[in-house]
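Undergrad: quick one, fold the following:
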Amino acid sequence: MLLALLGASLVTVPASATSSSDIQVLAAGTQPKIDRPQLDKIKADAAARGIPLAQALTDYFAQARTSLTAADEPDGPVAVPELNVDDLTAAELTDLAQYAKDQGLDLAQTIERRGWQTKFTDVAEKLEADFEAEFSGAAMAEDGSSAWFAFKGATPEAALALARTLPVEVQVQSNRGYSEADLAAASESVNAQVSANPQVASASAAYDIRSGTIEVEAMPTPAAQPTLTSVPAPPSGIEGVSVNVTIIDTLNELEDGYVRGGGYLANGLSRCTAGFTLKYATSNTKRLATAGHCGRATWDYSNHPAQGGGRTVKKVWTHVGRYGDIGYYTLGGGTATRTFYYAKNLARYATSAAMRRPSVGTMICKYGYTTGANCATVKYRNVTGGTWDDGRPRKGLVRMNTRISKPGDSGGPYYYGGKAYGLTTGSGPGRSYWTPTFLLNDARNYKVWTR
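TA: Predicted coordinates:
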């Protein structure tokens, strides 16, 4: 990727239009440009042959993979080869093609609008890590046209320098008055207050990072359900942050009814799903990740039919609560691999693992045995609460902007390109939830094993 760094102009939006804070706009015309000469050649080839761009990319991957070595694919060849087209990996292009298909969009246009996502994610994760006390959020526009970052006080110059590396318009908001950590703590406090209401059976809270609004869903007790139409919204404790409470009548459901790719788990009539292979931080111990609510003592694990083979795996640790919905099992004597299924019978390498939740607007994909491969964007990135059909509260979940999973998908991988993000937890009306895999590191010192 060739990034021509240009001087970025700053446009200040009046404070009155931004709730007593300032927004600097780095205009798209002055941001770096992305040059993709190899992709342009593939587009030209597709046009000359009269075939879809997706097919031209598949043909290119097949031809280019002949140059790969064992060092490129240490656990053996996979369906998506470990190669790049300019700044994009083959895995990223595969996911962009899936997203374009899901949304009914043109692939070339989708690549143009969302092909900078990895760069955005790298910037957002570094800003959150380097300025955690001041970082107030990051978001990618739903249409992929711009990025947004915010800070509690003045924006650090180092943050502006990072924002100038993105190839789109970037809005940088200063003097917001609170950090994202402050907002997350307020959300958790609000959830506890709503949950304490004797007419509420359970509640779930998330915050809209752009507006700073805390959104709470409350499930009435059976006795209150016929008549309860509203619940008082407690104060957020942060100036300018409002709270909305919505009464719901349907609990979120856990998705362990069937099986999915990434490895099938079966025990009698029960079904669950394997996610990524894990490695302990200070040893070579490997484990098999899945959802925490899939907590049976043993599972019969089997690969997809094209690969075959199976074994019994035993529970080592499972958890539902502070660290979301996570767990891991032994490998049952099987050989550990850094690959995971992203489609039926098809695997790719996990090349990195996210150590932060993805920003709002980020496109993430998942694979499930019931629903197959689907992609959507992040709606809320730190959901707290217990509106689940097993009654157990979970913290730290990520919620997608639509439902892309159904019963049978539990434990399955959430990913983009080769980056491992999380494990399927469940879904509710119009949304899916998952648990970030970095919570396994926080809780038990295990990380996704990557190439």
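Undergrad: which residues touch Asn84?
TA: Each residue near Asn84 by C-beta atoms under 8 Å, 6 or more residues apart in numbering is listed here: Ala90. (Each C-beta comes from the backbone N, C-alpha and C, glycine too.)
Undergrad: change it to 10 Å
TA: Met1, Gln38, Ala64, Ala90, Ala91, Glu92, Leu93 (C-beta atoms under 10 Å, 6 or more residues apart in numbering).
Undergrad: ok, now Trp148?
TA: So Trp148 contacts 23, 124, 137-141, 163, 169-173, 209-210, 359-361 (C-beta under 10 Å, 6+ apart).
Undergrad: filter the residues you listed down to just the ones in helices.
TA: Ala124, Ala163 (DSSP state H).
Undergrad: I'd like to know which of the contacts of Trp148 are buried.
TA: The neighbour count (16 or more other C-beta atoms under 10 Å) marks 23, 124, 137-141, 163, 169-173, 209, 359-361 as buried among the contacts of Trp148.
Undergrad: give me the neighbour count for Arg306.
TA: Wrong residue type there; residue 306 is Ala, not Arg. 11 (other C-beta atoms under 10 Å).
Undergrad: which strand residues bridge the residue nearest to Asn441 when sequence neighbours are not counted?
TA: Using C-beta to C-beta, 6 or more residues apart in numbering and skipping residues adjacent in sequence, the residue nearest Asn441 is Lys447, 5.1 Å away. Applying DSSP bridges to Lys447 yields these beta-bridge partners: Lys279.
Undergrad: mind listing the helices for the stretch 201-350 of the chain?
TA: Counting by DSSP state H, counting those that start in this stretch, the stretch 201-350 of the chain has no helices at all.
Undergrad: identify the bridge partners of Tyr328.
TA: Under the criterion used (DSSP bridges), Tyr328 bridges to Ala289, Trp317.
Undergrad: quick one: it and Lys315 touch, right?
TA: Yes: between Tyr328 and Lys315 there is a contact at 8.4 Å, judged by C-beta atoms under 10 Å.
Undergrad: any residues in contact with both of the two?
TA: Common neighbours of Tyr328 and Lys315 (C-beta under 10 Å, 6+ apart) are Thr290.
Undergrad: between these two, which one's more packed in?
TA: Higher neighbour count among Tyr328 and Lys315: Tyr328, with 25 against 16, using other C-beta under 10 Å.
Undergrad: residues contacting the more buried one?
TA: Residues in contact with Tyr328 (C-beta under 10 Å, 6+ apart) are 274-278, 286-290, 292, 313, 315-319, 440, 444, 446.
Undergrad: please pick the buried ones from the residues you listed.
TA: Using 16+ other C-beta under 10 Å, the buried ones in the contacts of Tyr328 are 274-278, 286-290, 292, 313, 315, 318-319, 440, 444, 446.
Undergrad: so in the protein, which helix runs the longest?
TA: helix 180-195.
Undergrad: okay, and Ala56 sits in which element?
TA: Using DSSP states H and E, Ala56 sits in helix 53-64.
Undergrad: next secondary structure after that helix?
TA: Next along the chain after helix 53-64, taking DSSP H and E as the criterion, comes strand 84-85.
Undergrad: quick one: strands adjacent to the helix or strand that comes right after that next one?
TA: The helix or strand immediately downstream of strand 84-85 is strand 88-89, counting by DSSP H and E. The strands beside strand 88-89 in its sheet (DSSP bridges) come out as strand 84-85 (antiparallel).
Undergrad: quick one: average pLDDT of stretch 94-112?
TA: Stretch 94-112 comes out with an average pLDDT of 96.
Undergrad: low-confidence stretches in the protein?
TA: 1-21, 256-261 (pLDDT under 70).
Undergrad: output the longest strand belonging to it.
TA: strand 372-385 (DSSP state E).
Undergrad: quick one: it to helix 180-195, angle?
TA: 70 degrees (axes from the mean of the first three to the mean of the last three C-alpha atoms, to 10 degrees).
Undergrad: of the contacts of Asn84, buried ones?
TA: Met1, Ala90, Ala91, Glu92, Leu93.
Undergrad: most widely separated two among these?
TA: Across these, no pair lies farther apart than Met1 and Ala91, at 16.0 Å, counting by C-beta to C-beta.
Undergrad: if we can go back for a sec, can you flag which of the buried ones among the contacts of Asn84 belong to helices?
TA: Using DSSP H, the buried ones among the contacts of Asn84 in helices are Ala90, Ala91, Glu92, Leu93.
Undergrad: which residues touch the first one?
TA: Looking back up the chat, that one is Ala90. Counting by C-beta under 10 Å, 6+ apart, Ala90 has contacts 57-58, 60-61, 64-65, 78-84, 348, 417-418.
Undergrad: so Gln421: helix, strand or coil?
TA: Just so we're on the same page, residue 421 is Tyr rather than Gln. Three-state assignment for Tyr421 (DSSP: H, G, I helix; E, B strand; the rest coil): strand.
Undergrad: who's in contact with Ala192?
TA: Ala203, Ala205, Pro234, Thr384, Gly385, Pro393.
Undergrad: need those residues in TSV with distance to Tyr369 and neighbour count, can you?
TA: Output for the contacts of Ala192, formatted as TSV (distance: C-beta to C-beta, whole Å; neighbours: other C-beta atoms under 10 Å):
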residue	distance to Tyr369	neighbour count
Ala203	31	25
Ala205	31	28
Pro234	41	19
Thr384	29	25
Gly385	27	25
Pro393	27	18
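Undergrad: tell me which two of those residues sit farthest apart.
TA: The largest separation in the contacts of Ala192, counting by C-beta to C-beta, is between Pro234 and Pro393 at 17.3 Å.
Undergrad: just to revisit the earlier point, just the contacts of Trp148: which are in strands?
TA: Using DSSP E, those in strands are Ile23, Gly137, Ala138, Ala139, Met140, Glu169, Val170, Gln171, Val172, Gln173.
Undergrad: could you pull out the strands in the stretch 301-450 of the chain for me?
TA: Under the criterion DSSP state E, counting those that start in this stretch, the stretch 301-450 of the chain contains strands at 310-321, 324-329, 339-343, 346-349, 352-353, 363-368, 372-385, 394-400, 413-416, 419-428, 431-436, 446-448.
Undergrad: thanks a lot, see you next time.
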